[in-house]
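*Asks:* model the following, please.
(chains A and B)
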Amino acid sequence: MSHAATLSVIIVDDEGPARARLRDLLADIEHELPNEIVAEADNGLRALAAIAGGGVDVALVDIRMPGMDGIELALHLSQLEHPPAVIFVTAFDAYAVRAFELNAVDYLLKPVRAPRLLAALQKVPQSRALDPNRMVRLAQGPRTHLSYHERGRLLLIPVATILYLKADLKYVMARTRDREYLLDESLTHLEHEFGEQFIRLHRSVLAAREAVIGFEKSGSDDAETQWQALLRDIPERLPISRRQWPLLKSFVRRSGS
Amino acid sequence: MASIKQNLSTQPLPDFRNAGVMLRSLLGVNLLALVAALVQSDGVTDSVQRYIDMAVWVQPLLLFDLTVLALLGNALRRCPVWVARALVLLLAVGSALLWSHLWRLLGFDDGGWQRLLRAGLLGGLAAGSLLSYFALRASALSPALAEARLQSLTARIRPHFLFNSLNAVISLIRLEPRRAESALEELAELFRALMRDHRELVPLAAEIALCRQYLNLEKLRLGERLNVEWELADLPPDLEVPPLLVQPLLENAVYHGIEPAETRGTIRIRVTRNGDELHIDLANPCGGPAEHSRGNHMALDNIRERLALYYDLEARIDTGLVVLTDGRLEYRVRIVLPCRVRSL
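*Replies:* Presented below is the predicted three-dimensional model:
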């Protein structure tokens, strides 16, 4: 069946001319390798929405993009049940050098040449899934979104909307203003990745620095005073461990609230 | 044409119109006076008094000499070096003699011709030490070294920009061959400018044209996302600036301000003349404080160092993050240069 052999491709690049170039090239190699462009996106977020519907075999992904960059897109894609193969397409820069070193992924350098693109696409059927642990090492900074599964779908929460993260048995619960999400993550990794945005209140709780609006004593008649953090937009108070309290005090002084 | 070459190699004579040279002369002579006071005195308190006595005598003379040298400026630099040096020494000796004589006429000093001669000798010695200091300094900032340094500082462009631009041009060839042609021509001009001899100052108009070409190429890639606003107050056409002074800053602005943003962003460039100073202001949107810390300093340090090589203390570059009224962050760079018009 010739149709089954057709490769479905998504082009992800924030620059219009770069997408046009890949379209031309894909048309040029049509005879050697039947392919079909099923979608185009100008950042990772839109690409994820397009790919989540399924039916995409391979994603040609630029690395440096606004909104969500290519590395983060690949990280989220690796959470999918049937992730498309990812081929990075990038101009020469630090990213490409590190991709070389890690030998983690297939990549093409801009300007891309047709034979090179053809070779990369021909390898797709036998390509292995991306290793998230290696991908993390390619990442330039913390992710902009966290992903979770709900009824078989991959959904995203913008990190900026998360008020606090709480370790909960084998999951991490993320709380936004409106609801809670269960994430398949580890709190230690999250603290490491988002150290600039989140601060540890307790062994099992990280709070968004900008969401903390105050502290309050509780159980003051007890010999040991216990402090609690107040967060904006939500009623619950978060416990602060005695070990973290001195650190938090200095954080309050620094931020001047 | 004014150039770093002239400043350092063929002309070890300092440019007396330069504020840095003036400041160094003032400090140098006063340091000599302080040493003399210390040698003459018995104690520390005594030496202070002696220094003050001396300073009263030295300062007006020094200012007079510096003014004359600044006024002679260009004429002096056109002479052969040894003539110019002799003239400077002669000026120092002569003015010291005259000043000493005037001092005697006014009745502050009652010394005879011996004291007059002493004043002349001291003036000559001070000028001689300063001249050798400047000559040493010029060879320390060894011309060859400074020139090599300038070359390596200027000729840099992000490979990121080059390959992305080439990619964009290639993509145009089939659909819009004419636009591809003009884009390649612009790219060629940009690289011609990059490979030029960077020691010579260039007309400001040429630097601005180069910036426009660069921005045209970026617009090809980024389309509507990049918006540029120019504001050029009526500038004299023959003003000169170091080559590639503004373009690297624009490259930074695009890389850090426009590319990471999802929405359309505006880069503002303002070039104005403010008395004897040329002000170049750049502003671009900024994602956050972290966005600018990475990789940005290299270009800035680079330009700062080149400004120091060209203008010593007379030029500066300032940067800052500004919070706009609507809460957005804006990154601003200001370069202040002395206005130099094309000289001989």
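
*Asks:* tell me which parts of the stretch 101-250 of chain A are close to chain B?
*Replies:* A:109-112, A:141, A:196 (CB under 8 Å from any CB of the partner chain). For every residue, glycine as well, the C-beta is placed using N, CA and C.

*Asks:* where do the helices sit along the stretch 1-150 of chain B?
*Replies:* With DSSP state H, counting those that start in this stretch, the ranges of helices along the stretch 1-150 of chain B come out as B:4-5, B:19-40, B:44-78, B:81-105, B:113-140, B:143-154.

*Asks:* mean neighbour count, those helices: which tops it?
*Replies:* Among those, helix B:4-5 has the highest mean neighbour count (mean count of other CB atoms under 10 Å in any protein chain shown), at a mean of 19.

*Asks:* mean pLDDT and distance to A:Pro34 for the helices of the stretch 1-150 of chain B - can I get that in TSV?
*Replies:* Formatted as TSV, the helices of the stretch 1-150 of chain B follow (pLDDT from 0 to 100; distance: least, CB to CB, whole Å):
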stretch	mean pLDDT	distance to A:Pro34
helix B:4-5	44	61
helix B:19-40	87	70
helix B:44-78	85	74
helix B:81-105	85	77
helix B:113-140	83	69
helix B:143-154	62	50
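
*Asks:* distance to B:Pro260 for these - can I get that in CSV?
*Replies:* Converted to CSV, the helices of the stretch 1-150 of chain B look like this (distance: least, CB to CB, whole Å):
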stretch, distance to B:Pro260
helix B:4-5, 36
helix B:19-40, 39
helix B:44-78, 48
helix B:81-105, 53
helix B:113-140, 42
helix B:143-154, 26
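
*Asks:* now the strands for the stretch 1-150 of chain A?
*Replies:* A:7-12, A:35-41, A:58-62, A:85-90, A:106-109, A:145-150 (DSSP state E, counting those that start in this stretch).

*Asks:* again with the stretch 201-344 of chain B
*Replies:* Under the criterion DSSP E, counting those that start in this stretch, the stretch 201-344 of chain B contains strands at B:202-203, B:226-232, B:239-241, B:265-274, B:277-286, B:316-323, B:329-338, B:340-341.

*Asks:* quick check: residues of chain B near chain A?
*Replies:* B:158-160, B:162-164, B:166-168, B:170-172, B:174-175, B:220-223, B:259-262, B:290.

*Asks:* can I get the buried part of those as one ChimeraX selection?
*Replies:* If you want just the buried ones from those in ChimeraX, going by 16 or more other CB atoms under 10 Å in any protein chain shown, the selection is:
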select /B:158,160,162,163,164,166,167,168,170,171,172,220,221,222,259,260,261
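
*Asks:* least confident of the strands of the stretch 201-344 of chain B, on average?
*Replies:* Note on these: strand B:340-341 shows the lowest mean pLDDT, a mean of 72.

*Asks:* next, count neighbours for A:Asn35.
*Replies:* Residue neighbour count, defined by other CB atoms under 10 Å in any protein chain shown, stands at 20 for A:Asn35.

*Asks:* ok so, going back, let me have the strands of the stretch 1-150 of chain A in CSV, extended by mean pLDDT.
*Replies:* Shown next, in CSV, are the strands of the stretch 1-150 of chain A (pLDDT from 0 to 100):
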stretch, mean pLDDT
strand A:7-12, 95
strand A:35-41, 95
strand A:58-62, 93
strand A:85-90, 88
strand A:106-109, 82
strand A:145-150, 86
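
*Asks:* so which of those is the most packed in?
*Replies:* Per stretch, and counting mean count of other CB under 10 Å, the top mean among the strands of the stretch 1-150 of chain A goes to strand A:58-62, which has a mean of 26.

*Asks:* what helices or strands is that one leaning on?
*Replies:* If contacts are counted by 3 or more CB pairs under 8 Å, 6 or more residues apart in numbering or on different chains; DSSP states H and E, strand A:58-62 sits against strand A:7-12, helix A:44-52, helix A:70-77, strand A:85-90.

*Asks:* now the ones you listed in JSON lines, with distance to chain B?
*Replies:* Shown next, in JSON lines, are these (distance: least, CB to the nearest CB, whole Å):
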{"stretch": "strand A:7-12", "distance to chain B": "12"}
{"stretch": "helix A:44-52", "distance to chain B": "9"}
{"stretch": "helix A:70-77", "distance to chain B": "13"}
{"stretch": "strand A:85-90", "distance to chain B": "9"}
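
*Asks:* was I right to think A:Tyr171 contacts A:Leu183?
*Replies:* Yes - using CB atoms under 8 Å, A:Tyr171 is in contact with A:Leu183, at 6.4 Å.

*Asks:* okay, these two: which has more neighbours?
*Replies:* It is A:Leu183, of A:Tyr171 and A:Leu183, that has more neighbours when counted by other CB under 10 Å, with 19 against 16.

*Asks:* is the closest residue in space to the more buried one that isn't next to it in sequence in a helix, a strand, or coil?
*Replies:* Among residues not flanking A:Leu183 along the chain, A:Val172 sits closest, at 4.8 Å (CB to CB, 6 or more residues apart in numbering or on different chains). Per DSSP: H, G, I helix; E, B strand; the rest coil, the secondary structure class of A:Val172 is strand.

*Asks:* can you tell me how far A:Val172 sits from chain B?
*Replies:* As defined by CB to the nearest CB, to the nearest Å, A:Val172 lies at a distance of 24 Å from chain B.

*Asks:* if I look at that residue, what pLDDT would I see?
*Replies:* 91.
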